[in-house]
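*Asks:* okay, predicted coordinates and the sequence, questions at the end:
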Amino acid sequence: MQDNPRLGIALMIATTVVFAVQDGISRYLAENYNVITVVTIRYMFFMCFVLAYSSRQKGGIRQVASSDQLPLQIGRGLLLVRRYALRS
């Protein structure tokens with residue numbers, strides 16, 4: 001690994017800008033739309049990014065999504081579904 005301070009600084013600035021813009025957009029949307037809808041759309045865009053990135057990895061999406069702790073992952077998913085269902 002090589003040290004590249006300029007790249008590190010540029011990435012930190014880019015990260016700060018992305019998070020600031022994302023926060024501003026989320027606040028604007030939360031004023032005009034249901035918060036759960038805004039969060040759901042945000043997660044869907046993130047899911048698209050993750051799927052696109054994962055499909056380029058060795059083994060594809062199946063390899064990236066595999067887990068040694070399948071019952072724990074299913075439990076986490078069920079807790080999220082239950083939490084969402086109770087709010088509706």
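*Replies:* Now that the structure is in, tell me what you want to look at.
*Asks:* what about the longest helix in this protein?
*Replies:* helix 5-32 (DSSP state H).
*Asks:* for this protein, give me the ranges with low pLDDT.
*Replies:* Scanning the chain for pLDDT under 70 picks out the ranges 1, 84, 86-88.
*Asks:* show me it divided up by domain.
*Replies:* 1-32, 36-88 (automatic domain parsing).
*Asks:* any chance of those domains in TSV, with mean neighbour count too?
*Replies:* (C-beta placed from N, C-alpha, C; glycine too.) Converted to TSV, the domains of the chain look like this (neighbours: other C-beta atoms under 10 Å):
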stretch	mean neighbour count
domain 1-32	10
domain 36-88	11
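*Asks:* tell me the phi and psi of the most centrally placed residue in the chain?
*Replies:* Central residue of the chain (C-alpha atoms, centre = their mean): Phe46, 4.1 Å from the mean position. Dihedral angles of Phe46 (phi, psi; degrees, to the nearest 10) stand at phi -60, psi -40.
*Asks:* how about Gln57, secondary structure?
*Replies:* coil (DSSP: H, G, I helix; E, B strand; the rest coil).
*Asks:* against Val50, how distant is it?
*Replies:* For Gln57, the distance to Val50 equals 11 Å [C-beta to C-beta, to the nearest Å].
*Asks:* on that earlier part again, and the longest helix of the chain, how far from the chain's centre?
*Replies:* Distance of helix 5-32 from the chain centroid (C-alpha atoms, centre = their mean, to the nearest Å) equals 14 Å.
*Asks:* so which elements touch it?
*Replies:* Here helix 5-32 touches helix 35-55, going by 3 or more C-beta pairs under 8 Å, 6 or more residues apart in numbering; DSSP states H and E.
*Asks:* off-centre distance for the helix it packs on?
*Replies:* Relative to its parent chain, helix 35-55 has a centroid offset of 6 Å by C-alpha atoms, centre = their mean.
*Asks:* try stretch 29-41
*Replies:* Stretch 29-41 sits 16 Å away from the centroid of its parent chain (C-alpha atoms, centre = their mean).
*Asks:* ends of it, what's the gap?
*Replies:* Stretch 29-41 has an end-to-end distance of 11 Å (C-alpha to C-alpha, to the nearest Å).
*Asks:* much appreciated, bye for now.
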